[in-house]
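Asker: compute the structure for the input listed below.
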Amino acid sequence: MFLKSLSGLVRWSVLLCVPGGVLWALTPLGISLAEYRFSAPVVFWKLFPSAPLLLMLGLIGLQLWQTGRAGWPGRVGFALALLGLLLIVAGDVGKFWLAVDDTYLTTAPAYRAMRIGFLLFALGSIVFGAAALRARTLPVWGVAPFTVLSVGGLVSVTGDLGTLGATLWILFGVGWVWLGFSLLVEAIVASWKTRRKPRVS
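Answerer: Numbers count the residues shown, from 1 in each chain. Here you go, the predicted model:
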């Protein structure tokens, strides 16, 4: 009973995609505010891990929501995105909290981990979304825009693209918000339909 309740709770962690996506989308604003207020974006990047951590929990909830029905492409996408999020968090902590790169200036392992993490997360999101769209395991009206915006997310982390890159980064976060919102709406509608069904005496 306890394990079933725990599984259900983790499954509903999919809703954390919404606040995680919001925080991700606010990254450019956060950097600008940190530069204006503290003359350095380091302050923001120390707080940034909250976004990927929330998205990580949301991603796990999404995978449980599908219960493996997306096949091996869905599992590959999930693994890539999850690994990417782990690398982002590890790289952020290593660079901005532990100052690992100050010791290893030439290799900059923490920064490299973050960069690889961003790429894997965006790539995994594309594969995950495409697999869910193909298998119809998630709401089409939610996962289709998410997949398209994830492509923009991949473009945004390939290099310094200025305003274009920031815009695509924001839209990538919006895609996660939209996906989480679509599942919430579908759950509410399904619950309402269940309650509306006449009971058989």
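
Asker: residue 15 versus the closest residue to residue 101 other than its chain neighbours, what's the distance?
Answerer: Nearest residue to residue 101, sequence neighbours excluded (CB to CB, 6 or more residues apart in numbering): residue 108, at 4.5 Å. Using the backbone N, CA and C atoms, a C-beta is placed for each residue, glycine as well. Distance of residue 108 to residue 15, given as CB to CB, to the nearest Å: 36 Å.

Asker: quick check: which element contains residue 144?
Answerer: Here residue 144 is covered by helix 140-156, with elements defined by DSSP states H and E.

Asker: just the buried residues of that helix, please?
Answerer: By 16 or more other CB atoms under 10 Å, the buried positions in helix 140-156 come out as 142-147, 149-156.

Asker: same check on stretch 82-95?
Answerer: Neighbour count says stretch 82-95 has 82, 84-95 buried, by 16+ other CB under 10 Å.

Asker: burial count for the residue nearest to residue 101?
Answerer: 17 (other CB atoms under 10 Å).

Asker: surely it meets residue 94?
Answerer: No. Contact criterion CB atoms under 8 Å: residue 108 and residue 94 do not qualify, at 9.8 Å.

Asker: buried residues, the helix or strand containing residue 124. List them.
Answerer: Under the criterion of DSSP H and E, residue 124 resides in helix 109-135. By 16+ other CB under 10 Å, the buried positions in helix 109-135 come out as 110-133, 135.

Asker: what do you get for stretch 173-189?
Answerer: In stretch 173-189, counting by 16+ other CB under 10 Å, buried: 173, 174, 175, 176, 177, 178, 179, 180, 181, 182, 183, 184.

Asker: so which of those residues are in strands?
Answerer: Of the positions in those, not one sits in strands, assigned by DSSP state E.

Asker: just to revisit the earlier point, of the buried residues of helix 140-156, closest to residue 74?
Answerer: residue 143 (11.0 Å; CB to CB).

Asker: ok, now which ones touch that closest one?
Answerer: Listed by CB atoms under 8 Å, 6 or more residues apart in numbering, the contact set of residue 143 reads 129, 132, 133, 179, 182.

Asker: ok, for the third one, nearest residue in space, not its chain neighbours?
Answerer: Right, residue 133. residue 143 (5.1 Å).

Asker: which residues of the chain score low on pLDDT?
Answerer: Filtered on pLDDT under 70, the chain yields the residue ranges 1-11, 191-201.

Asker: in it, which spans are helices?
Answerer: Taking DSSP state H to define them, one finds helices in the chain at 2-11, 17-25, 27-38, 42-47, 50-66, 71-92, 100-103, 109-135, 140-156, 162-196.

Asker: could you export stretch 144-153 as PDB, CA atoms only?
Answerer: Coordinates of each C-alpha in stretch 144-153 appear next as PDB, following Å, rounded to 0.1, in the frame of the first residue of the first chain:
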ATOM      1  CA  ALA A 144       3.700  18.500 -29.900                       C
ATOM      2  CA  PRO A 145       4.500  22.100 -29.100                       C
ATOM      3  CA  PHE A 146       6.900  20.800 -26.400                       C
ATOM      4  CA  THR A 147       8.900  18.800 -29.000                       C
ATOM      5  CA  VAL A 148       9.100  21.700 -31.400                       C
ATOM      6  CA  LEU A 149      10.200  24.100 -28.600                       C
ATOM      7  CA  SER A 150      12.800  21.600 -27.500                       C
ATOM      8  CA  VAL A 151      14.400  21.900 -30.900                       C
ATOM      9  CA  GLY A 152      14.700  25.600 -30.200                       C
ATOM     10  CA  GLY A 153      16.200  24.700 -26.900                       C
END
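
Asker: please consider this matter closed, and thank you.
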